[in-house]
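> structure, please.
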Amino acid sequence: MEWNPETLQFLSQCFLHTLSPNPEPRRLAETNLAEATERPNYGLAVLRLVAEPAVDEPIRQAAAVNFKNHLRTRWAPTKHSEPNLPTLTPIVDAEKDQIKALIVPLMLSSTPRIQSQLSEALSVISKHDFPNLWPTLLPELISSLSRASEASDYASVNGILGTANSIFKKFRYQYKTNELLTDLKYCLDEFADPLLKIFKRTAALIDSVANSGAPAANLRPLFESQRLCCRIFYSLNFQDLPAFFEDHMGEWMTEFQKYLTLKYPVLEEGGGDGLTLVDELRAAVCENISLYMEKFEEEFQSYLGGFVEAVWNLLVVASASSSRDRLTVTAIKFLTTVSTSIHHTLFARDDILQQICQNIVIPNVMLRDEDEELFEMNYVEFIRRDMEGSDLDTRRRIACEFLKGIAANYKEKITAKVSGQIQSSLALFAENPAANWKHKDCAIYLVVSLATKKAGGSSVSTDLVDVESFFGSVIVPELRNQDVNGFPMLKAGALKFFTMFRNQISKSVAMALVPDVVRFLGSESNVVHSYAASCIEKLLLVKDDGGRARYTSSDISPFLLVLMTNLFSGLEKPESEENPYIMKCIMRVLGVADISREVASACITGLTSVLNKVCENPKNPIFNHFLFEAVAVLVRRACEKDPSLISAFEASLLPSLQMILAKDVTEFFPYAFQLLAQLVELNRPPIPPHYIQIFDILLLPESWKRTGNVPALVRLLQAFLQKSPHELNQEGRLTHVLGIFNKLVSSTSTDEQGFYVLNTVIENLGYDVITPYMGHIWASLFTRLQNSRTVKFVKSLLIFMSLFLVKHGCQNLVDSMNVVQSNIFIAILEQFWIPNLKLITGSIELKLTSVASTRLICESPTLLDPAASRHWGKMLDSIVTLLSRPEQDRVEEETEVPDFGENMGYGATFVHLHNAGKKEEDPLKEIRDPKQFLVASLAKLSSLSPGRYPQIINENLDQTNQAALLQLCGSYNLSIV
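Next comes the predicted model:
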């Protein structure tokens, strides 16, 4: 794409139309731009358009966004997860060099909105190219920073610092490697000194401007500059303490302490976001001193006392304000770090501990207006923070973490003081419940948040209160309250306590309250009915000693109908149409309850109704997963109990599943195929004709193009092959199935699925049917073995050959292989079967391969031939290794590393339905003990040729295996003669 007036006109018009409110010109422009991206120098042309001052600002801004996104996908394109989709064409090196030459000066001369987009684009480039492929970047930024600083051009200074901040962020989150440390050293050598200079220069300017009484507008860019310097400081110090920063620690720390202690009234009291701007700088300082406290405590300790005092004083003021969250959280984190260090004695005095509880913890744990608003307006986010532990950066959680930190050294004192605060809060509530309900919420929150989890389980404990007594006097009154909508935050807290301490609450007490919890499913509050659903779901998971479920189907039978009615009614409440907590509870109840025909009918109707709605716009993957799990567990448990329900379930479900396929709801394809497989498996042959139509769709090559569908399609194909093998041999279907096998087995990412198909064919069809195809099957397998051999493939091949042998006999195995190439069987046996048999894992697989290998040496004329005695002996040696040694002694770690791109294929999109899982079939049910089978077979064989086999065993089995074989013979009172 050449840069000329025509290109300028074309791109300007396209970007103008992308801003159009009318869909037609907008779509046309987007199509034209998508086509243009394939042309050489497209990115460079868009960047030149951004640089064109004559073009309107909105067009240039749209172009800047497009340029940034273009670089994200084309600078270093990754291999597409779907093998059928091509990888995007990368930007060529010559174009990259021109973009690098233009972007820094253009970014610095741009307006703020365009500057931010170009800064992000520059970060994209630097992620891949900096510093090795872009050695000029840092020197260019440093010289630009120097010029902008001398000119006091803080718009440019902050643009450069913002870019540097983006580039250096990688030092915070990447693993420490030699390569990373080399890059860090280069950045420190180049940038540490200029960073300190601009930081000190800006600090002096802040002092001067603040003392001169200048307006807030003059201070704003200076505070933003210092904040960015602090973030860069954090990145450059994250891995280790650099010598430059250690040498100049005093200069940095003096300024840091100043920002925590001084006030800037013109900003802080001037309205707008002035206070936020100052607090963001203070929060960045707190993160820096926390980093030094955690990692460089010895070097930092001389400054510690001053910082603790400064942060403490700042925190007492900030805790009283509802709008200073970030500063409060970072300040408490710093004090928490100190409290868990050797300097914890700074908090040891009783009066300090009392102040911590009264002035820091309680004000930050008490509910604020913002919490109530979040509870009412965004229940998903509230629950995410409150119940799921993503609230590490909230005031409530961090205040409790601070208490835990201090309690590590002063547990008894803290327990006493917090227990006193809890009792005070409850006393205030008792005085005036309606006005002081937040104090009761605070008491419940403290008990729940400070509870300690027992290792390796879901049990929690607390020293703050007696759980049973607290539950009876504080929690039960809330649960018994008949008004499910009154004081919803208190109800939510009570339900959370019940859920959290469910293991400690006796069954009789809990069961008396479950009908009340069921009642709360009817609450209008999304949080309350979500917590009620979660409470029931978690109760059903409680296990007593010995792993027995505490709550069984008989416990929930009395109120099962009202429970299911309330759960489905909950899904009709505003904003809870796709509530994952309710759907997870439905799934869990259906997995435990005794499902009558009445309940089954109502549930399948309710679930298919929900399924039809979410098909229109699948947007909540967690809810959708539990929905399909609920359907699967209902189908499995109800139909196992009453097979006559299958046709009724099909009548409800099949139209929905067919709609998923017809409307191309690709997100649900793997689920739909697994449910179809479940329904096919539940049918008795012959399966109904409408399934044959699905079978034929399944055989179309288009169905297999999406890698994410493959495991579910294979599962469905297996179900068809098992239930209607006679249909397989009609209308060329077997040819199609083997074509699918051939495609799957040729790729390392799907070869295991290919073997599942092949094994099912071999297991369910007679040898006369598969004989014409065996040559092609072996040729495919041997070609793959030759071209791309992996441990996984070889193990799958051994299992297939073993299955073939037990189903169709030794001679058919040997002869069908040798048709492909003369004597190839012995070559495969020697190179693959014998050395890899020991790698087999899994009880069914181990039995299958050991029995097949035993039959081979005891029945196959090829191996019974005296000329093959070495092969016979080595095969027995491998069988004894497999059967006598523990798995960890015979299976080494697999050396090959699967290709990440291939694995991402269906790993990212295929989700296994636990409740629609395939039952593993044992092809050798008649053989219980493979060790006994081996010894009995050998004893019988040796009795026909006494004296022959002991010699072969002596020559070919290692001493450990000879001893193991002798021990096995003794165990079963049999001998090899």
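
> quick one: the helices in the stretch 451-600 of the chain, in order.
467-470, 476-480, 488-500, 507-520, 526-539, 553-556, 560-570, 580-592, 597-616 (DSSP state H, counting those that start in this stretch).

> for residue 684, which of those is the nearest?
The minimum distance between residue 684 and these falls on helix 597-616, with 19.2 Å, by CB to CB. (Glycine included, C-beta is placed from N, CA and C.)

> run through the neighbouring helices and strands of the closest one.
Judged by 3 or more CB pairs under 8 Å, 6 or more residues apart in numbering; DSSP states H and E, helix 597-616 is in contact with helix 560-570, helix 580-592, helix 621-641, helix 646-662.

> now the strand or helix carrying residue 854, how far from the centre of its chain.
Assigned by DSSP states H and E, residue 854 falls within helix 843-859. Centroid displacement of helix 843-859 relative to its chain, using CA atoms, centre = their mean, to the nearest Å, is 40 Å.

> if you average pLDDT over that helix, what comes out?
The average of the pLDDT scores along helix 843-859 is 95.

> let me know which of the helices of the stretch 451-600 of the chain is tucked in deepest.
helix 526-539 (a mean of 26; mean count of other CB atoms under 10 Å).

> before we move on, back to that, reformat the helices of the stretch 451-600 of the chain as CSV; add mean pLDDT and distance to residue 168.
Output for those, formatted as CSV (pLDDT from 0 to 100; distance: least, CB to CB, whole Å):
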stretch, mean pLDDT, distance to residue 168
helix 467-470, 94, 49
helix 476-480, 96, 50
helix 488-500, 96, 41
helix 507-520, 96, 50
helix 526-539, 97, 40
helix 553-556, 94, 57
helix 560-570, 96, 48
helix 580-592, 96, 38
helix 597-616, 94, 43
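
> make CSV out of the ones you listed and add distance to residue 954.
CSV is the format used below for the helices of the stretch 451-600 of the chain (distance: least, CB to CB, whole Å):
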stretch, distance to residue 954
helix 467-470, 68
helix 476-480, 76
helix 488-500, 66
helix 507-520, 64
helix 526-539, 62
helix 553-556, 60
helix 560-570, 68
helix 580-592, 56
helix 597-616, 64
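
> of all these, which one comes closest to residue 747?
Among the helices of the stretch 451-600 of the chain, helix 597-616 sits nearest to residue 747 (CB to CB), with 30.6 Å.

> quick one: that closest one to chain centroid distance?
28 Å.

> just want the angle from that helix to helix 580-592.
140 degrees (axes from the mean of the first three to the mean of the last three CA atoms, to 10 degrees).

> hmm, who's touching helix 597-616?
Helix 597-616 has contacts (CB atoms under 8 Å, 6 or more residues apart in numbering) with 560-561, 564-565, 568, 571, 577-578, 583, 586, 590, 593, 595, 620, 623-624, 627, 630-631, 634, 638, 642, 645, 648-649, 652-653, 656, 659-660, 663, 665, 668.

> of those, just the buried ones, ChimeraX syntax please.
Per 16 or more other CB atoms under 10 Å, the buried members of the contacts of helix 597-616 correspond to this ChimeraX selection:
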select :560,564,565,568,571,578,583,586,590,593,595,620,623,624,627,630,631,634,638,645,648,649,652,653,656,659,660,665,668
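
> any stretches of the stretch 801-950 of the chain with poor pLDDT?
891-910 (pLDDT under 70).

> and the helices and strands packed on helix 597-616 as CSV, adding distance to residue 884?
CSV is the format used below for the helices and strands packed on helix 597-616 (distance: least, CB to CB, whole Å):
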stretch, distance to residue 884
helix 560-570, 51
helix 580-592, 40
helix 621-641, 38
helix 646-662, 46
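
> element containing residue 776?
Going by DSSP H and E, residue 776 is in helix 767-787.

> which strands or helices does that helix pack on?
Looks like helix 767-787 contacts helix 733-745, helix 751-764, helix 791-808, helix 810-820 (3+ CB pairs under 8 Å, 6+ apart).

> rerun at 10 Å
Secondary-structure packing of helix 767-787 (3 or more CB pairs under 10 Å, 6 or more residues apart in numbering; DSSP states H and E): helix 725-728, helix 733-745, helix 751-764, helix 791-808, helix 810-820, helix 824-828.

> between those, which one is closest to residue 396.
Closest to residue 396 of these is helix 751-764 (CB to CB; 47.7 Å).

> can you give me the buried ones in that closest one?
Those would be 751-764, for helix 751-764 by 16+ other CB under 10 Å.

> of those residues, which is the nearest to residue 860?
Nearest member of the buried residues of helix 751-764 to residue 860, counting by CB to CB, is residue 762, at 18.0 Å.

> that closest one against residue 771, yeah?
No. Using CB atoms under 10 Å, residue 762 is not in contact with residue 771, being 11.7 Å away.

> shared neighbours, the two?
Common contacts of residue 762 and residue 771 (CB atoms under 10 Å, 6 or more residues apart in numbering): residue 808.

> and the angle from the helix holding residue 776 to helix 751-764?
Using the same axes, to 10 degrees: helix 767-787 against helix 751-764 is 160 degrees.

> pLDDT on helix 767-787, on average?
Mean predicted lDDT for helix 767-787 stands at 93.

> extract the CA atoms of it and return them as PDB.
Taking C-alpha atoms only, helix 767-787 is exported to PDB below (Å, rounded to 0.1, in the frame of the first residue of the first chain):
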ATOM      1  CA  TYR A 767     -13.800 -59.900  11.600                       C
ATOM      2  CA  ASP A 768     -15.500 -60.700   8.300                       C
ATOM      3  CA  VAL A 769     -16.800 -57.100   8.100                       C
ATOM      4  CA  ILE A 770     -13.500 -55.400   8.900                       C
ATOM      5  CA  THR A 771     -11.200 -57.700   6.900                       C
ATOM      6  CA  PRO A 772     -11.400 -55.700   3.700                       C
ATOM      7  CA  TYR A 773     -10.300 -52.500   5.600                       C
ATOM      8  CA  MET A 774      -7.500 -53.900   7.800                       C
ATOM      9  CA  GLY A 775      -4.800 -53.300   5.200                       C
ATOM     10  CA  HIS A 776      -5.600 -49.600   5.000                       C
ATOM     11  CA  ILE A 777      -5.900 -49.400   8.800                       C
ATOM     12  CA  TRP A 778      -2.400 -51.000   9.400                       C
ATOM     13  CA  ALA A 779      -0.900 -48.800   6.600                       C
ATOM     14  CA  SER A 780      -2.200 -45.600   8.300                       C
ATOM     15  CA  LEU A 781      -0.800 -46.700  11.700                       C
ATOM     16  CA  PHE A 782       2.600 -47.800  10.400                       C
ATOM     17  CA  THR A 783       2.900 -44.500   8.400                       C
ATOM     18  CA  ARG A 784       2.200 -42.500  11.500                       C
ATOM     19  CA  LEU A 785       4.600 -44.700  13.500                       C
ATOM     20  CA  GLN A 786       7.300 -43.900  10.900                       C
ATOM     21  CA  ASN A 787       6.700 -40.200  10.600                       C
END
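
> from the chain's centroid, how far away is it?
In this view, helix 767-787 has its centroid 39 Å away from the chain centroid, taken as CA atoms, centre = their mean.

> tilt between that helix and helix 791-808?
Using the same axes, to 10 degrees: helix 767-787 against helix 791-808 is 160 degrees.

> and helix 767-787, what's buried?
Using 16+ other CB under 10 Å as the burial criterion, the residues of helix 767-787 that qualify are 770, 773-774, 777-778, 780-782, 784-785.

> between those, which sits nearest residue 221?
Distances from residue 221 to the buried residues of helix 767-787, taken by CB to CB, are shortest for residue 784, at 64.2 Å.

> so that closest one touches residue 748, yeah?
Yes. Residue 784 lies in contact with residue 748 (CB under 10 Å); the separation is 9.1 Å.

> pull up the overlap in contacts between the two.
790, 793.

> gap between the longest helix seen in the chain and the chain center?
In the chain, assigned by DSSP state H, the helix with the most residues is helix 395-431. With CA atoms, centre = their mean as the basis, helix 395-431 stands 34 Å off its chain's centre.

> how far off centre is the helix or strand following that helix?
Next in sequence after helix 395-431, counting helices and strands by DSSP H and E, comes helix 437-450. Centroid separation for helix 437-450 versus its chain: 31 Å, with CA atoms, centre = their mean.
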